[in-house]
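Student: predicted model and sequence below, questions to follow.
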Amino acid sequence: MKILINAVLDLNKDGAGVTHFTEVANNLQKEKHKVLALCPGFYPNRKKYWGFKIVYVPTFKKNLFSMLFYEFLNIFFLAFWVIRFKPDIIHCRYNVATLYLPLIAKFLKVNYFVEVNGILENELRLRRFSEFVIRCVKFTEIINFKFAKKIICVTNGIKKEIQKKYKIPRVKLEVVGNGANPDVFYPRNKYQCRNKLALLQNKFIVGFIGSLAPWRGLINLAKAVLVIKNSNPELYKNLLIIIVGEGEEKKMLVELVNEYNLNCFNFLSSTEYKNIPYFINAFDVCTVFFSRNNLKVIGSPIKLFEYLACGKPIIATDIDGINNLYKCREYIIFLPSMNPIKIAEKINYCYQHKKIIAETGKRGRKIFLERYTWSNVAKILLAIFKTS
């Protein structure tokens, strides 16, 4: 089978989107299928070899103009490579806001698959885009969904939301979750990792890695640590909170931490991808937080699977995309809400029961290896492609 993937991603940067795209494409190719990807060649283009063929559509340093220029050129690149490569499938990632992909697929009679990793309307509202922009995006989504052979959603919640919003037949929607690479993410010695990263050896470390986006709710983590400071001095004395990442809420979070005089926080800028397994293994507890913010939050964070792969205990918000993983109550410590008192209680529970949470981490890794590797994700995708 020949698979052409159109992915609007900046491959010069590390991130969850790039990880998902490259891992899935690599594993599709390992299953003896030919993969060709079209991606924007943002300047400066490092052109790293990812294990499969990528055609870079030329453009400039990433900004609004370079995106528009890329979209214009991509029309011709896509048509050319569909004719030359003769794919059986066009798989669209991160580009449901354009009209030409489904139209080219329809005109050239190629099966068209759309992958949806979130509710775009919700994200645009959180980032305060105008109603005009939101309506335009919804219109292009409708066209993409109409022409798609299948719509691949990363969670069942996204599937239900799309079905409800756009009146899409259930049979047209499939759920394929995220995963992690067990050759990169696996248990390492905690103290050796801390030594490598110059972290304190004797602290109880609670860690977060990822985007500091508005829907993460990390403001509530700072408030929870204030609760611990005022009510549990022993835990506070031994606690270290490490936040690895950048995002819109970082400035506000740092200001709040300073206002509360919380000296146990350590903010680190986004690190190279190769260092992430060491950070995860240096933590005593990993966290995955989502704040509902009056909007329905639905996600399948890749970091969750990377935490599982490393066999780490996890505190996570109880949302779709996490709470419907196989036997998840056995290896994830769920937060019923992002109430700071509840977060403080879960952190204290983990501190008081280190042996118990270590066993939950081991159970999580066992389930991960059985179900949530990128190889498993690719095989599920291929089954959908072949039966559609």
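Tutor: Looks like it came in fine. Numbering: from 1, shown residues only.

Student: residues making contact with stretch 42-53?
Tutor: 10-12, 22, 25-26, 28-29, 35-37, 41, 56, 59-62, 66 (CB atoms under 8 Å, 6 or more residues apart in numbering). For every residue, glycine as well, the C-beta is placed using N, CA and C.

Student: so residue 360 versus residue 124, what's the distance?
Tutor: Residue 360 is 37 Å from residue 124, where distance means CB to CB, to the nearest Å.

Student: nope, residue 267 is what I meant
Tutor: 27 Å.

Student: work out for me the element residue 57 sits within.
Tutor: For residue 57, the host element (DSSP states H and E) is strand 53-58.

Student: and the next element down the chain from that strand?
Tutor: Strand 53-58 is succeeded, C-terminally, by helix 64-85 (DSSP H and E).

Student: that next one - contacts with which helices or strands?
Tutor: strand 2-7, strand 34-41, strand 53-58, helix 100-107 (3 or more CB pairs under 8 Å, 6 or more residues apart in numbering; DSSP states H and E).

Student: residue 313 is nearest to which of the ones you listed?
Tutor: Proximity to residue 313 (CB to CB) singles out strand 2-7 among the helices and strands packed on helix 64-85, at 33.3 Å.

Student: returning to what we had before: save the helices and strands packed on helix 64-85 as CSV, and put in mean pLDDT, distance to residue 155 and mean neighbour count too.
Tutor: Below are the helices and strands packed on helix 64-85 laid out as CSV (pLDDT from 0 to 100; distance: least, CB to CB, whole Å; neighbours: other CB atoms under 10 Å):
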stretch, mean pLDDT, distance to residue 155, mean neighbour count
strand 2-7, 96, 20, 22
strand 34-41, 94, 24, 22
strand 53-58, 94, 27, 17
helix 100-107, 94, 23, 18
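
Student: among the ones you listed, which is nearest residue 345?
Tutor: Of all those, strand 2-7 comes closest under CB to CB, at 41.1 Å.

Student: can you list contacts of the closest one?
Tutor: The contact list for strand 2-7, computed with CB under 8 Å, 6+ apart, reads 21, 25, 28, 33-39, 74, 78, 81-82, 85-95, 101, 110, 385.

Student: helix or strand right after the lowest-mean-pLDDT helix or strand in the chain?
Tutor: Least confident helix or strand, the chain: helix 120-126 with a mean of 73, by mean pLDDT, DSSP states H and E. Heading C-terminal from helix 120-126, the first helix or strand you meet, by DSSP H and E, is helix 131-147.

Student: report the distance from that next one to the chain centre.
Tutor: Chain-centre distance of helix 131-147: 23 Å, with CA atoms, centre = their mean, to the nearest Å.

Student: now what about that helix, what contacts it?
Tutor: With CB under 8 Å, 6+ apart as the test, helix 131-147 has contacts from 92, 96-99, 101-103, 105-106, 112, 114, 120-121, 124-125, 151, 162, 166, 168, 172.

Student: before we move on, back to that, partners of the strand holding residue 57, with directions?
Tutor: If you go by DSSP bridges, strand 53-58 pairs up with strand 34-41 (parallel).

Student: just the buried ones from the contacts of helix 131-147, in PyMOL syntax?
Tutor: Buried members of these, defined by 16 or more other CB atoms under 10 Å, are picked up in PyMOL with:
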select buried, resi 92+96+97+98+101+102+105+112+114+120+121+124+151+162+168+172
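
Student: about what we covered before: what subset of the contacts of strand 2-7 is buried?
Tutor: Counted by 16+ other CB under 10 Å, the contacts of strand 2-7 give 21, 25, 28, 33-39, 74, 78, 81-82, 85, 87, 89-95, 101, 110, 385 as buried.

Student: could you say what helices and strands the strand or helix carrying residue 91 packs with?
Tutor: Take DSSP H and E as the rule and residue 91 turns out to sit in strand 89-93. Where contact means 3+ CB pairs under 8 Å, 6+ apart, strand 89-93 is packed against strand 2-7, helix 16-30, helix 100-107, strand 111-116.

Student: residues of the longest one that come out buried?
Tutor: With burial defined by 16+ other CB under 10 Å, the residues of helix 16-30 counted as buried are 16-29.

Student: run through who's touching it.
Tutor: With contact meaning CB under 8 Å, 6+ apart, helix 16-30 is reached by 3, 5, 7, 9-11, 35, 37, 50-52, 93-94, 117, 178-179, 181, 210-211, 273, 301-303, 374-375, 377-379, 381-382.

Student: how does this protein divide into domains?
Tutor: Structural domains assigned to the chain are 2-179+373-387, 190-371, following automatic domain parsing.

Student: and the last one, how far apart are its ends?
Tutor: What that stands for is domain 190-371. Using CA to CA, to the nearest Å, the end-to-end distance of domain 190-371 comes to 25 Å.

Student: repeat that for stretch 328-348.
Tutor: Stretch 328-348 stretches 21 Å from its first residue to its last (CA to CA).

Student: what comes up buried for that stretch?
Tutor: 328, 331-333, 335, 338, 340, 343-344, 346-348.

Student: what mean pLDDT does that stretch get?
Tutor: Averaging pLDDT along stretch 328-348 gives 93.

Student: what about that stretch, distance to the chain center?
Tutor: Between the centre of stretch 328-348 and the centre of its chain there are 21 Å (CA atoms, centre = their mean).

Student: re the thing from before, of the helices and strands packed on strand 89-93, which is nearest residue 315?
Tutor: Ranking the helices and strands packed on strand 89-93 by proximity to residue 315 (CB to CB) places helix 16-30 first, at 19.2 Å.
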